[in-house]
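1. generate coordinates for the sequence data below:
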Amino acid sequence: MPFQLHFGKDDLLCCRFAVSPLWETQEAVRTLKRPDRHGYHPRWLREVRAAGARLDLAAVWLLMPSRGHSPDFLGPPPLGPAATFEEEIAAVRAADPDAARQDMAKALAETPGAAGSVIGRRLLADPAGAVRALADAVEAAWHALVEPYWPRLRALLEADVAYHSRRLAQIGLGALLPELDRRLAWDSGTLTAQWRGRHTRQLDGRGLVLMPSVFSWPEVISGYDPPWQPTLVYPARGLAGLWSAPADRAPDALARLLGPNRAAVLTALAEPSTTSSLAQRLGLAPSSVSAHLAALRNAGLLTSRRYGHQVLYERTPLGAALAAGG
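-> Residues are numbered from 1 along each chain as shown. So this is what the prediction gives:
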C-alpha cells in the first residue's frame, strides 16, 4: 500500500539529512520484539540478550503497534544533523502531558484491548508520570542496547549521509529521492512509497527530514503529525558489514608494503568510517588508528571530511585498488 508526500516549492528548500540516536534506540527496542528483523542483527541480538532481559520495556512495547501510529513525542525528529542522545531525550522529557496523552491514546487505539489493559489505563490516567517513566525506560534501553555500539552505528549512518549528500550535489533532490530506496518514486512534486500504511500528506512548507536508519531496516517509514517536521526514514547503506567480525585480514602483499596494522586500517575502510569506529572494530588504540589514518591520507590513499563533530575517512581510488590487491 503506498503513502504519498506532496511537496510545494518551499518544501524543496527545507529538506535536510539527520541522524538520530534516539530513533535508533526506539527501533532497537522494537527490533527485540520483531522476529522478522532478527535476521539482520544476529550478532547484536546475541550480545544484548542478557542486558535486554533486564529492561522493563512493557509500556514502551505497548505503544509500538505492529502497524499504525506510534507516539511522535517518544521519538521526535532530531534537532539537528548530529544531535546527541542527551539532547534528544531531554526533548522527550519536556513533552506536554496533554499532547502526550493524545499521542499515546492514538497509538493504543491501534492494538485491540491496549487502552483497557492495566498498563494502558495507567499511561492515560497519569500522562505526566507516563512521560517520565517512558523517558526513563528509553534512556535505560539506550545505555544497554545502543550506546556500546553507537560509534559503529554513527559511522555507518554518517557515511550514508555523506554519500547521499554527494549524490544530491550531482543529480539534485528529485533524482536522489528514488535512490534512497527502490520503493520510492518521484513524480511532479509527489514522493510515493510502496510500503505499509496508506496516507497522503501535504508538507505545507515544512520540508522533509531524510533520516537513514539501521534498526528500522528494511522498512521505509514516514511519520510525524504537526507540529513535528515530516520525516522519511529509509534503510541505511552498508548494513551487511555492520555486525561482521573485525575487518578481513589484509592481503599479505599489502601488509608487507604498509605494515600489518596500517594495512588493516586501509582494508577496513570498505565504507567511510571514523577513528573511533575503526579502533573498536580492529581492537587498536584510537591514537594508533589516528596515526595510521594520517599517514594513509598523506600518501594519497584516503580522504577525509567533517560531518558534525566527527571526521569520516574513506579510500581514494588508489587506496581502494591497493586494498583489493589491484
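
2. and Cys15, how far from Ala58?
-> 37 Å (Cβ to Cβ, to the nearest Å). To be clear about C-beta, it is placed using only N, CA and C from the backbone, and glycine gets the same treatment.

3. brain fart, Asp10
-> 43 Å.

4. give the buried residues for stretch 77-91.
-> Going by neighbour count (16 or more other Cβ atoms under 10 Å), the buried part of stretch 77-91 is Pro77, Pro78, Ala82, Ala83, Thr84, Phe85, Glu88, Ile89, Ala91.

5. next, count neighbours for Arg101.
-> For Arg101, the neighbour count with other Cβ atoms under 10 Å is 21.

6. my bad, Ala159
-> Neighbours of Ala159 using other Cβ under 10 Å come to 24.

7. leaving out chain neighbours, which residue sits closest to it?
-> Using Cβ to Cβ, 6 or more residues apart in numbering and skipping residues adjacent in sequence, the residue nearest Ala159 is Pro272, 3.8 Å away.

8. quick check, that neighbour in contact with Gln310.
-> No - taking Cβ atoms under 8 Å as the definition, Pro272 is not a contact partner of Gln310, at 10.2 Å.

9. Gly259 and Tyr163, how far apart?
-> 29 Å.

10. can you map out the helices along the stretch 151-300 of the chain?
-> Assigned by DSSP state H, counting those that start in this stretch, the helices in the stretch 151-300 of the chain fall at 173-180, 252-258, 260-268, 275-282, 286-298.

11. list the beta-bridge partners for the residue positioned nearest the centre of the chain.
-> Most central in the chain under Cα atoms, centre = their mean is Ser213, positioned 2.9 Å from the mean C-alpha point. With beta bridges defined as DSSP bridges, Ser213 has these partners: Pro235.

12. hey, where'd the strands end up in this structure?
-> Secondary structure of the chain (DSSP state E): strands at 2-6, 16-17, 184-187, 190-194, 200-202, 209-213, 221-223, 231-235, 302-307, 310-315.

13. what pairs with the shortest one, parallel or antiparallel?
-> Strand 16-17 pairs in its sheet with strand 209-213 (parallel), by DSSP bridges.

14. could you do the first one as well?
-> Strand partners for strand 2-6, identified by DSSP bridges, are recorded as strand 190-194 (antiparallel), strand 200-202 (parallel).

15. just to revisit the earlier point, Cys15 and Ala58: which is more packed in?
-> Cys15 (19 against 11).
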